[in-house]
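Asks: A predicted structure for the sequence below; I have some questions about it.
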Amino acid sequence: MIDIRLIRENPDLVRQNIRNKFQDEKLPLVDEVIGLDAEARATQQEADALRASRNKVSKQIGALMAQGKKEDAEALKAQVAKDAEHLSELEDRESELSEQIRTIMLTIPNIIDPSVPIGKDESENVEIERFGDPIVPDFEIPYHTEIMERFSGIDLDAARRVAGNGFYYLQGDIARLHSAVTAYARDFMINKGFTYCIPPFMIRSSVVTGVMSFDEMDAMMYKIEDEDLYLIGTSEHSMIGKFIDQIIPEEDLPRTLTSYSPCFRKEKGAHGIEERGLYRIHQFEKQEMIVVCKPEDSQMWFDRMWQYTVELFRSMDIPVRTLECCSGDLADLKVKSLDVEGWSPRQQKYFEVGSCSNLGDAQARRLRIRVKGKDGKYFAHTLNNTVVAPPRMLIAFLENNLNADGTVSIPTALQPYMGGQTKLG
């Protein structure tokens, strides 16, 4: 959510930002919120004037009563009663306007960083850099679920019977590999100085609307029936929510946290053959990293965070590349975003395995996360990034470490988490 003062002072900037995100249908909202804001300020001024007048007249009534001028006092009392009725109407209108303005402000997209490439959708994202050589072996690589089935490591049929499509059972060495990757990612981030957390897996609606747009909420979140609770789609939701209504001393920043959680997502829409298996599922686990920092430090942390993900994947012998997300591919709260994509030797292309986002002060403004500095209070900046999401990580891991004889090599960094095994076979 952007600052209302930006719309008052520079509406053309806000309009151009909307155009850059190819959301022209939202352009009328700028004039609408400007009109509502003007009415809200006028209403507040009138209400403040009535409140000041009431206080002044109340003193006059007291003085008149002390002088025995009862009739004059009663006349003023009648005026106070009439003003009180009008003041109540003004206060109701203030609340109504405030809610209308907030609803619109939650819909107007955040101002994107000037460095973001302009493009309509993900097809116009820009490749930045590649890390590691994307190798295609001289033997056939099966679909990832087939590799897992060779190790008796997955049971999709049982999962369908129990929960339907979009779920899975992992078993044996594949399940152990899943846990090993998560544990390794946890320790990797702890060694980078991040504090390890396990957050609540459900959050209230006030947190949901603070961390994401309405469109994202509708597409992702599962609501608990008859409760003001939602299952989290990523631990970012509850980790940023941890700071709701907090005033953080400036000297306590940055707050760097890494969190583990299961994630629950609707994953609406039909998907092609490459979206089956573990590509798009309703439940998975993830290690996340969160940073709450001063505004002037957010770009530095953005660059540092995605580099951690690249380093982690390279330590497991997985080639990756980074993509700068274009304006049309950015969610409304994001200032800047960069995807990390892992190499798939079977598909001979890259696919997304993580995403790093700088949200500026958008989440902090919605959740009222403020910093107390020497010159006063201001909104913090928040960032999030995927350390690792094991379902997709497993796909990249198995394809890139599969050998011609059907065994899977275990990189040195992961061997301590696999009981010292060097291969699965």
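Replies: Happy to help now that I have it. Numbering: from 1, shown residues only.

Asks: C-alpha from now on. contacts and neighbour counts both.
Replies: OK.

Asks: Compute the distance between the nearest residue to Thr407 once chain neighbours are set aside and Lys69, please.
Replies: Leaving aside its sequence neighbours, Thr407 sits nearest to Gly425 (C-alpha to C-alpha, 6 or more residues apart in numbering; 4.5 Å). From Gly425 across to Lys69, the span is 102 Å (C-alpha to C-alpha, to the nearest Å).

Asks: Kindly report the same for Arg204.
Replies: Distance from Arg204 to Lys69, by C-alpha to C-alpha: 57 Å.

Asks: So which of these two has more stuff around it?
Replies: Arg204 (16 against 13; other C-alpha atoms under 10 Å).

Asks: Tally up the residues packed near Phe214, please.
Replies: Residues near Phe214, counting by other C-alpha under 10 Å: 15.

Asks: Tell me who's in contact with it.
Replies: With contact set as C-alpha atoms under 8 Å, 6 or more residues apart in numbering, Phe214 has these partners: Thr107.

Asks: Report the contact partners of Leu414.
Replies: Contacts of Leu414 (C-alpha under 8 Å, 6+ apart): 180-181, 184, 316.

Asks: So what does the residue sitting furthest away from the middle of the chain look like in phi/psi?
Replies: Farthest-out residue of the chain from its mean C-alpha position, per C-alpha atoms, centre = their mean: Gly68, at 65.9 Å. In terms of degrees, to the nearest 10, the main-chain angles of Gly68 are phi 80, psi 10.

Asks: re earlier: output the contacts of Leu414 in TSV, with distance to Ala364, secondary structure and neighbour count appended to each entry.
Replies: What follows is those, written out as TSV (distance: C-alpha to C-alpha, whole Å; DSSP: H, G, I helix; E, B strand; the rest coil; neighbours: other C-alpha atoms under 10 Å):
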residue	distance to Ala364	secondary structure	neighbour count
Ala180	34	helix	20
Val181	31	helix	23
Tyr184	30	helix	19
Met316	35	coil	19
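
Asks: Mind putting these into JSON lines with pLDDT and distance to Pro28?
Replies: JSON lines is the format used below for these (pLDDT from 0 to 100; distance: C-alpha to C-alpha, whole Å):
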{"residue": "Ala180", "pLDDT": "97", "distance to Pro28": "51"}
{"residue": "Val181", "pLDDT": "96", "distance to Pro28": "48"}
{"residue": "Tyr184", "pLDDT": "97", "distance to Pro28": "49"}
{"residue": "Met316", "pLDDT": "95", "distance to Pro28": "50"}
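
Asks: biggest separation within those residues, which pair?
Replies: Across the contacts of Leu414, the longest distance by C-alpha to C-alpha is 11.8 Å; it joins Ala180 and Met316.

Asks: just curious, which of the contacts of Leu414 is nearest to Glu122?
Replies: Nearest member of these to Glu122, counting by C-alpha to C-alpha, is Met316, at 27.0 Å.

Asks: For the stretch 151-300 of the chain, just list every one of the helices.
Replies: 156-163, 172-190, 205-211, 214-220, 235-241, 298-314 (DSSP state H, counting those that start in this stretch).

Asks: thinking again about what came up before, if I look at the residue farthest from the centre of the chain, how far off is Lys423?
Replies: 100 Å.

Asks: Can you report how many residues neighbour Ala219?
Replies: 13.

Asks: Quick check: it touching His282?
Replies: No - the criterion here is C-alpha atoms under 8 Å, and Ala219 misses it with His282 at 11.9 Å.

Asks: between the two, what contacts are shared?
Replies: By C-alpha under 8 Å, 6+ apart, the residues touching both Ala219 and His282 are 266-267.

Asks: Low-confidence regions, the stretch 1-150 of the chain specifically.
Replies: 64 (pLDDT under 70).

Asks: Please enumerate the strands of it.
Replies: 126-131 (DSSP state E, counting those that start in this stretch).

Asks: where do the helices sit along it?
Replies: With DSSP H, counting those that start in this stretch as the criterion, the stretch 1-150 of the chain has helices spanning 4-9, 11-20, 27-66, 70-105, 144-150.

Asks: To Leu257, which of those lies closest?
Replies: helix 70-105 (28.9 Å).

Asks: ok, back up a step: so which of the helices of the stretch 151-300 of the chain is the most surrounded?
Replies: Comparing these by mean neighbour count (mean count of other C-alpha atoms under 10 Å), helix 235-241 comes out on top with a mean of 25.

Asks: How far away from the center of its chain is that helix?
Replies: In terms of C-alpha atoms, centre = their mean, to the nearest Å, the centre of helix 235-241 is set 8 Å apart from its chain centre.

Asks: if I pick the nearest residue to Ala362 once chain neighbours are set aside, what's in contact with it?
Replies: In this structure, Ala362 finds its nearest non-sequential neighbour in Met1, 4.7 Å apart by C-alpha to C-alpha, 6+ apart. Listed by C-alpha under 8 Å, 6+ apart, the contact set of Met1 reads 105-110, 333, 361-363, 365-366.

Asks: so how many other residues sit close to the closest residue in space to Leu177 that isn't next to it in sequence?
Replies: Closest residue in space to Leu177, ignoring its immediate chain neighbours: Met418 at 6.9 Å, by C-alpha to C-alpha, 6+ apart. For Met418, the neighbour count with other C-alpha under 10 Å is 18.

Asks: Ok, the one 3 residues further on next?
Replies: For Gln421, the neighbour count with other C-alpha under 10 Å is 14.

Asks: And it, how far from Arg280?
Replies: Per C-alpha to C-alpha, Gln421 is found 29 Å from Arg280.

Asks: picking that back up, touching, the residue nearest to Leu177 and Ser179? I think so.
Replies: No - Met418 is not in contact with Ser179 according to C-alpha under 8 Å; the separation is 9.1 Å.

Asks: Next, the residue lying closest to Glu216 once chain neighbours are set aside: phi, psi?
Replies: With sequence-adjacent residues excluded and distances taken as C-alpha to C-alpha, 6+ apart, Glu216 is closest to Ala331, at 7.9 Å. Note on Ala331: its backbone torsions stand at phi -60, psi 160 [degrees, to the nearest 10].

Asks: tell me the helices in the stretch 301-425 of the chain, going along the chain?
Replies: 362-367, 390-401.
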